[in-house]
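Enquirer: next comes the sequence, and after it the predicted model I'd like to discuss.
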Amino acid sequence: MLFVVITGLSKNANAATATRADYIILNDIKAINKIEVRGNVELFISDNATEQVKVYNKYYSEHALVQSSKGVLRITSYDAQKLVVWVSANDLRSVSAYDNAEVRSFGKFSSIDFSVDLHNNASATLNLDAYSANVTLSDNAKAELTGFAAEFSLVRNPGSTFTNRDFSASNYAQKRIGSYESAKADIMAGLE
C-alpha cells in the first residue's frame, strides 16, 4: 500500500506549477465535479470559474495522495497531522468524506445540484446557496449547514448529527435509516 502512495506522489509531482514553502498548487487538475476524501484531511471548497487545487503542509514529505481521473478528485492522507487542501471548482456537484475527514466551504458555496455523503467520523460545515442539496450522514458523521436550498433532502442514521445554523429550504425531506425500530423488526422477523 505504501508503494502505491509513493508512486502516486511522484506521478503527480510534474503537475505542480507553483510551489511555496507552505503550499503547492496543482494546476493540471481540471473539470472537477466530484471529490472523495479519506483519512485525516481538512478540505476547503469554493466555487470559482478558475479551477485550482492548493495543497498545504509538506505534501510531498507526508503520506498523502492527491489524484484526479475523469472529473473525480481523490484526496487521501493518514498522517497524524491533518493534510489541508483547498479546492476551487467551477462545477463541483458532490463530496464524499470518510474516516476523520473534514469538509468546509470557504465563503458561500453556490451550486445548482450538490450532494454531501459523510461516513465514519467525517464532518462538514457548509454555507450553501443551492437549488437542490442532498446530505447523507452515516455512522457518526456530522453536518452543520447555513444558507439556503430550494430543495433539501437529509438521509441520516441515529448516530449521526445534523445541525441547522440558519439554514432554510423551500422543500425539505428527511429520512432516517438504521433506526432502533427497524433493527428490532429485523431481529423479530428472524425469530419467527
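Expert: Arrived safely.

Enquirer: show the average pLDDT along stretch 144-162.
Expert: Across stretch 144-162, pLDDT averages out at 96.

Enquirer: can you check stretch 171-190 too?
Expert: Here stretch 171-190 scores 63 as its mean pLDDT.

Enquirer: what are the boundaries of the strands in the protein?
Expert: Assigned by DSSP state E, the chain shows strands spanning 16-19, 23-26, 34-39, 41-47, 52-56, 64-69, 72-77, 83-89, 94-97, 102-105, 109-118, 123-137, 142-156, 161-176.

Enquirer: need those strands in a markdown table (columns: mean neighbour count).
Expert: Backbone N, C-alpha and C define where each C-beta goes, glycine included. Output for the strands of the chain, formatted as a markdown table (neighbours: other Cβ atoms under 10 Å):
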| stretch | mean neighbour count |
| --- | --- |
| strand 16-19 | 12 |
| strand 23-26 | 19 |
| strand 34-39 | 20 |
| strand 41-47 | 21 |
| strand 52-56 | 20 |
| strand 64-69 | 19 |
| strand 72-77 | 21 |
| strand 83-89 | 22 |
| strand 94-97 | 22 |
| strand 102-105 | 20 |
| strand 109-118 | 19 |
| strand 123-137 | 20 |
| strand 142-156 | 19 |
| strand 161-176 | 13 |
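
Enquirer: identify the bridge partners of the nearest residue to Val95 once chain neighbours are set aside.
Expert: Excluding the flanking residues, the one nearest Val95 by Cβ to Cβ, 6 or more residues apart in numbering is Ile35, at 4.8 Å. Beta bridges link Ile35 to Leu73, Val95, judged by DSSP bridges.

Enquirer: relative to Arg93, how far out is Ile35?
Expert: 10 Å (Cβ to Cβ, to the nearest Å).

Enquirer: break this structure into its domains for me.
Expert: Per automatic domain parsing, the structural domains of the chain span 1-99, 108-192.

Enquirer: those domains: lowest mean pLDDT?
Expert: The bottom spot among those, by mean pLDDT, belongs to domain 1-99, with a mean of 79.

Enquirer: now for the nearest residue to Ala80 once chain neighbours are set aside: which residues touch it?
Expert: Distances taken as Cβ to Cβ, 6+ apart place Asn40 nearest to Ala80, at 7.2 Å, with adjacent residues excluded. Applying Cβ atoms under 8 Å, 6 or more residues apart in numbering, we find Asn40 in contact with Ser77, Tyr78, Asp79, Ala80, Gln81, Lys82, Leu83, Asp99, Asn100, Ala101.

Enquirer: for the fifth one, give me phi and psi.
Expert: By that I understand Gln81. phi -90, psi 130 (degrees, to the nearest 10).

Enquirer: likewise for the third one?
Expert: Asp79 adopts backbone torsions of phi -70, psi 160, taken as degrees, to the nearest 10.

Enquirer: just use 340 as the starting number from now, easier for me
Expert: That works, and once the first residue is 340, the last one we named lands at Asp418.

Enquirer: near it, how many other residues are there?
Expert: 15 (other Cβ atoms under 10 Å).
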